[in-house]
Structure formats: structure tokens, C-alpha cells
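> Curious how this folds, go ahead:
(one chain, ligands or ions: 1)
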Amino acid sequence: MSEIRVERLSKRFHETAALDAVSLGFAAGSFTALLGPSGCGKTTMLRLIAGFEAPSEGSVFFGKELMADPRRQVPPEARGVGVVFQSYALWPHMDVAANVAYPLKARHVERGAIAGRVGAVLDIVGLGGFEGRRIEELSGGQRQRVALARCLVADARIILFDEPLANLDMHLRASMVDAFRDIHRRTGATIVYVTHDQAEALALADRVAIMSRGKVLQAAAPQEVYRAPANATIAGFVGRGSIVAGTVVDPAGKTATVDIAGYRLMARSAGTSAGPAQILLRPEALRISPEGIPATVLDSIYRGPVHEVRLALSAPEQGSRQELLIDSTETLAVGQKVHIAASDAWVVPDV
Ligand SMILES: Nc1ncnc2c1ncn2[C@@H]1O[C@H](COP(=O)(O)OP(=O)(O)OP(=O)(O)O)[C@@H](O)[C@H]1O
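The predicted structure follows:
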């Protein structure tokens, strides 16, 4: 059974509630990224699913089968789950083939069948022909691929990743992201992937679960988490952007008219009422225009094709200074006065 469901799952370590009554389903064959700041409970959730920790309260199901509750705990080795950690947990003195073959040997798979299976998974992770290499002779990325191959050889229907790319440089990370996507396509396994890197989560997963302080704040498709974050914490955590104070002038269902610093624009909303509101503006939806939100350039950093420009809103009635981030193809001078038009905006729900 490759569907996972956790129900009111809690884990306390002394006074710390590492996980706090979380209910979440992971459909068979889905790829979910658990995303959130350090200490929010991502690894704890993974360890409870794998069986390395027992719940304080609540339960873990694989399909209809109960894996764990406070009274019953199916041991990790009986759950049929593959786990890949950021520390590769390989045997450095053994060669690649021996490391990858380990789960098959533990299951007493016939010797003749092992070499073929090992060769096949090494091909999948791009290490065909590396069987005889010693682990100590491999780069970090290659080691991570061996760990992945060892997980795949066991044919697990559920694969759990705990920050598997955290120790790799940017270039290697990009190539491993491709490898993970490929593996998900090939195996159809249910994948739960822990990361605190939002770009990785958005690129890989078909669903992102944003966690904070032991709770899941929002679990939705990457596009939805980015375009329609359920609250200001998520908006600040996923993608670049600015949350500014505005006023909803006309709620009108899913497209509200809002006023920001005296300029009116249309904003998507989940249903809001008239009055003060927080508005999320993403840099790619903003541009310099003859008419728009009045602002002053604070600084400008060249980031490849565009300049990332930080602006102060000219809105004396708002009291505290409010900032806006835009991507501009033009070079702008510090202190320059401009107007900003927005092709998209989101009224952040009040929670
Ligand atoms: N074995 C433990 N004993 C005591 N406290 C723990 C233990 N494991 C985790 N915690 C605490 O539980 C909370 C959640 O930890 P967890 O490792 O799940 O967070 P995380 O989101 O994976 O963080 P990171 O991104 O830093 O790995 C933290 O406050 C942590 O200190």
C-alpha cells in the first residue's frame, strides 16, 4: 500500500511539540515536499512515517494498514520504506556494487539475480559501470547517487528523502533534481521529500506542504502555494515578493479592487471584505509605468538579465515605511521617483 495518511499525529520531546496534531494524506504515487524553516518538524514527520520514532498521539497509516499509534509500532524494516538522508550512510570501504546490493543480500535474494538488479539501478542514477569503484573515490554527488540506487534496488513503493541535496554544490543539486524527477516518473513511488529550499520544493514536488512550529499551514500544488499563499508567513517563505498594506475598496468575489498608496488595482482574493488588507505583490508582475503606485528607488542590484530594485512606497498615511521589490530591465538611480503598475496581486487571507 503506497498511500500514506497521518491522523492527528503529534510528537513531543520533553516540552517541545515537534509535531502538533497534523492530519495529512499522501496519495499513492504523489511527490510531496515538506518545506519550512529549521526546527518546524519536517524531519520528525519523516521519522514517524519511516518508523524511527513512535507517535506521542495520533496514527500513521499505509493504505488501510495501521503502522503506528501510541500503542502499536510496526518496526521500520517491516514497513517497506526506502529512506535517503543527506549523510549518505554508505560503507566507505566497500565498493559501489556491494553498497547497492546490501538490501538484496539482507533479503537473501539469489546471488545471480543481484548483479543484474544492481547494474540496472546504477544505470538509472547515471552511474553505469561504477560497480567496482570504492565509495571514498567518489564525489559528493556520486555518493548521493549511490545512496539513491541502494534505495531504488529495494523496490520500495514509498521513498522518504531528508534534505538529500543539502551537502552538494549548486551545480550538482541541479543535476540531482533532474535525477529525482526522473526516478519519480520511472518508479511511480510515493515520495515525501524534506527540504528547507523552496526552489527545490517548487521544482520537484506535485504538492508542497508548508510547515511551521509543528503544524502544516498549507498543502497545495506549487503554483497555488506561490500564487495564493494562505497567510503572510507562507507568502514570506515561498518566492520573492512584498506584502504591503492596502485597502480593499470593492471585494467583488474573487477579484477585488484594492487601493495601495492612493492607486487602485485589481487583486485576486479567496473572498475578502472591504477594509484594510495585506496585499502580496510578486516582482515579475510589477513594472515601471507612467501611472501606478508612487515609489522611490532605495537600491538596485544587477542579477543577470534584470535589476532587482527595492523601492519605498510613497504612502505617508501608512505610517511605517513600506517596501516593494521589482525586476527591472532598465537601470534606475537611487532616489529616482517612479510609478509601479501591477498585472497581478493577491489579497493575503486574514488568519
Ligand atoms: N530527539 C530529539 N530530542 C529532543 N528534541 C528533538 C529531537 N528531535 C527533534 N527535536 C526538536 O523538535 C523540533 C523539530 O525538529 P525537526 O528535526 O523535526 O525539525 P526540522 O524542521 O527537520 O529542522 P531542520 O530543517 O533544522 O532539520 C525542534 O525543536 C527540535 O529541536
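
> Which of the helices or strands spans Leu48?
Element membership for Leu48, per DSSP states H and E: helix 42-50.

> Next secondary structure element downstream of that helix?
Following helix 42-50 toward the C-terminus (DSSP H and E): strand 57-62.

> Partner strands of that following strand and their direction?
Under the criterion DSSP bridges, strand 57-62 sits next to strand 4-13 (antiparallel), strand 65-68 (antiparallel) in its sheet.

> Of the ones you listed, which is nearest the ligand?
Of all the strands paired with strand 57-62, strand 4-13 sits nearest to the ligand, with 3.3 Å by Cβ to the nearest ligand atom. C-beta: built from backbone N, CA, C; applies to glycine.

> Which strands border the helix or strand just after that closest one, and is each parallel or antiparallel?
Using DSSP H and E, the helix or strand that follows strand 4-13 towards the C-terminus is strand 16-26. Partners of strand 16-26 in the sheet, by DSSP bridges, are strand 4-13 (antiparallel).

> Briefly note if the partner strand comes near the ligand.
Yes - counting by Cβ under 6 Å from any ligand atom, the ligand is contacted by strand 4-13 at Phe13.

> coming back round to it: out of the strands paired with strand 57-62, nearest to Glu163?
Of all these, it is strand 4-13 that lies closest to Glu163, at 18.5 Å by Cβ to Cβ.

> buried stuff in the closest one?
For strand 4-13, the neighbour count (16 or more other Cβ atoms under 10 Å) marks 4-7, 9-11 as buried.

> doesn't Leu104 make contact with Ala115?
No - the criterion here is Cβ atoms under 8 Å, and Ala115 misses it with Leu104 at 9.9 Å.

> neighbour count winner among the two?
Per other Cβ atoms under 10 Å, whichever of Ala115 and Leu104 has more neighbours is Leu104, with 20 against 13.

> where exactly do the helices run in the stretch 151-300 of the chain?
170-187, 198-204, 222-227, 232-237 (DSSP state H, counting those that start in this stretch).

> any chance of the ones you listed in CSV, with mean pLDDT, mean neighbour count and distance to the ligand too?
CSV is the format used below for the helices of the stretch 151-300 of the chain (pLDDT from 0 to 100; neighbours: other Cβ atoms under 10 Å; distance: least, Cβ to the nearest ligand atom, whole Å):
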stretch, mean pLDDT, mean neighbour count, distance to the ligand
helix 170-187, 82, 15, 16
helix 198-204, 90, 19, 12
helix 222-227, 96, 18, 17
helix 232-237, 89, 19, 13
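
> With distance to Pro164 as added columns, please give the ones you listed in TSV.
Output for those, formatted as TSV (distance: least, Cβ to Cβ, whole Å):
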stretch	distance to Pro164
helix 170-187	7
helix 198-204	10
helix 222-227	18
helix 232-237	21
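
> Ok, which of those helices comes nearest Ala154?
helix 170-187 (11.1 Å).

> same for that closest one, what does it pack against?
Secondary-structure packing of helix 170-187 (3 or more Cβ pairs under 8 Å, 6 or more residues apart in numbering; DSSP states H and E): helix 111-124, helix 140-153, strand 190-195, helix 198-204.

> if you set the cut-off to 10 Å instead, what comes out?
If contacts are counted by 3 or more Cβ pairs under 10 Å, 6 or more residues apart in numbering; DSSP states H and E, helix 170-187 sits against strand 31-35, helix 111-124, helix 140-153, strand 158-162, strand 190-195, helix 198-204.

> rewinding a little: now the strands paired with strand 57-62 in JSON lines, please, with extra columns for mean pLDDT and distance to Arg185.
Listed next are those as JSON lines, based on pLDDT from 0 to 100; distance: least, Cβ to Cβ, whole Å:
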{"stretch": "strand 4-13", "mean pLDDT": "98", "distance to Arg185": "20"}
{"stretch": "strand 65-68", "mean pLDDT": "98", "distance to Arg185": "26"}
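
> Can you lay out these as a markdown table showing distance to Phe161?
Supplementary listing: these in a markdown table, determined by distance: least, Cβ to Cβ, whole Å:
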| stretch | distance to Phe161 |
| --- | --- |
| strand 4-13 | 14 |
| strand 65-68 | 19 |
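
> of these, which approaches Ala199 most closely?
Closest to Ala199 of those, according to Cβ to Cβ: strand 4-13, at 24.9 Å.

> Ser175 versus the residue of the stretch 251-351 of the chain found nearest the ligand, what's the distance?
Nearest residue of the stretch 251-351 of the chain to the ligand: Val351, at 21.2 Å (Cβ to the nearest ligand atom). To Ser175, Val351 is 39 Å away according to Cβ to Cβ, to the nearest Å.

> give me the low-pLDDT residue ranges for this structure?
Per-residue confidence for the chain (pLDDT under 70) gives these ranges: 1, 315-319.

> so who does the most centrally placed residue in it touch?
Centroid check for the chain by Cα atoms, centre = their mean gives Ala201 as the closest residue, at 2.9 Å. Applying Cβ atoms under 10 Å, 6 or more residues apart in numbering, we find Ala201 in contact with 32-36, 193-195, 207-210, 222, 225, 238.

> With adjacent residues omitted, what lies nearest to it?
Ala33 (3.6 Å; Cβ to Cβ, 6 or more residues apart in numbering).
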